[in-house]
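In: Give me a 3D structure for the following:
(one chain, ligands or ions: 1)
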Amino acid sequence: MMKTILTGVKSTGVPHLGNYLGAIRPSLKLIKNSQAHNFMFIADYHSLNSIKDPAAMRYATLDVAATYLACGLDPEQVVMYQQSHVPQIMELCWILTCFIPKGDLNRAHAYKAARQQNADFGREDLDHGINGGLFMYPVLMSADILGFDTNFVPVGQDQRQHIEIARSIAQRINQHYKKDLLVEPKEIIEEHQAVVVGLDGRKMSKSYDNSIPMFVPEKKLKKLMNQIKTDSAGPSEPKEWKSAPVFHLYQSFVGAGEVANEFAQELSQGLSWGAAKEKLFQVVNDELKEPREKYTELMSKPKLIDEILAHGAVKARTRAAATLARVKEAMLGVSLL
Ligand code: TRP
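Out: Residues are numbered from 1 along each chain as shown. Alright, predicted model coming up:
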């Protein structure tokens, strides 16, 4: 049987080079080389947990869709849809809720971290400011995955626990009803993926204000590159490339190997930081120039994006409806198919 790969992306703000190198580029590569049914969706109901402004919601959805399309996602090969267009996911979400011990949710990382933050602030109520959506986040994510009979979910390290939760819910349900009602999903995690560093050398992250957005105009990209932190070694002095963010970003782009080694050698032989940044700019710009143009064009045609998402939603609903009917039939003792 053909396997299913499903990727979910939360729509929260402009993607940066860290998102590109850590998630977008590898997942598109995986899809391209796969002989599987591929689903890629925009997790807008997950985003609703933090974004409450409709214009921002709309923009973020278009932005994710345009970014993936611009980077080469082929909607004929991948079913691309918006989570909120598939109501079956919500119905399944409730069903799954009835099969997860509340204690498992208490132990989920994101929820625990939010409570810890309250503790750090010295607050008495550790649930202060935490809404139910954050608490239920892993269940909705499980519904995203289980609703599509997903075999594999490519995710970052930080999502490992969520896939474990999805798997354990599926196992519990299968055991209880004594049949393979739900496919038990596995995560695909790139173990050796290096952290993508930002302008200041720390992990590139929106919250550190050190990120380089994927699709800034060329001039701005150059400007940002020039802001990357370096030491004060003079133009022709040998450079400490090992700890240099310029080197690390370059290596993230070209991969560890000969090209990166050559760059390291040039730096140790006295390539100036200015010239090094120019080289980095060239590599980044060569790869993102075309996607940037496509992205800009797509963002000016939201109707076209809507059509692609609507087309994907029809296929997604069909798939999720089949899973849901199977589950309801088994659980409610009625025939729905
Ligand atoms: N939680 C994921 C993230 O923050 C996004 C996501 C939502 C997801 N539902 C999913 C990823 C289902 C994979 C499968 O990155």
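In: and E287, what does it touch?
Out: F253 (Cβ atoms under 8 Å, 6 or more residues apart in numbering). C-betas here are computed from N, CA, C, even on glycine.
In: just to confirm, which helix or strand has it in it?
Out: Here E287 sits within helix 273-299, counting by DSSP states H and E.
In: Just the strands from this protein, written as ranges.
Out: Along the chain, the segments classed as strands by DSSP state E run 4-9, 37-42, 78-82, 152-154, 186-188.
In: and this structure, which residues reach the ligand?
Out: Contact residues, the chain versus the ligand (Cβ under 6 Å from any ligand atom): 6-8, 10, 43, 46, 141, 144-145, 153, 155, 159.
In: Of those, which is the most crowded?
Out: Tallying neighbours with other Cβ atoms under 10 Å puts I145 at the head of these, with 30 neighbours.
In: ok, for that residue, nearest residue in space, not its chain neighbours?
Out: Nearest non-adjacent residue to I145, counting by Cβ to Cβ, 6 or more residues apart in numbering: A166, 4.7 Å away.
In: okay, now that neighbour: neighbour count?
Out: Neighbour count of A166, defined by other Cβ under 10 Å: 28.
In: so what's it up against?
Out: Going by Cβ under 8 Å, 6+ apart, A166 touches 138, 141-142, 145-146, 153, 185.
In: How about V246?
Out: Residues near V246 by Cβ under 8 Å, 6+ apart: 228, 230, 273, 276-277, 280.
In: Hmm, I169 is touching L140, no?
Out: No. Using Cβ atoms under 8 Å as the test, I169 is too far from L140 to be in contact (11.7 Å).
In: Give me the common contacts of these two.
Out: What both I169 and L140 touch, as defined by Cβ under 8 Å, 6+ apart, is an empty set.
In: So for those two, which sits in the more crowded spot?
Out: I169 (26 against 22).
In: now that one: how far from the ligand?
Out: To the ligand, I169 is 13 Å away according to Cβ to the nearest ligand atom, to the nearest Å.
In: what is the rounded mean pLDDT of the helix ranked longest in the chain?
Out: Criterion DSSP state H: the longest helix present in the chain is helix 302-332. Throughout helix 302-332, pLDDT has a mean value of 97.
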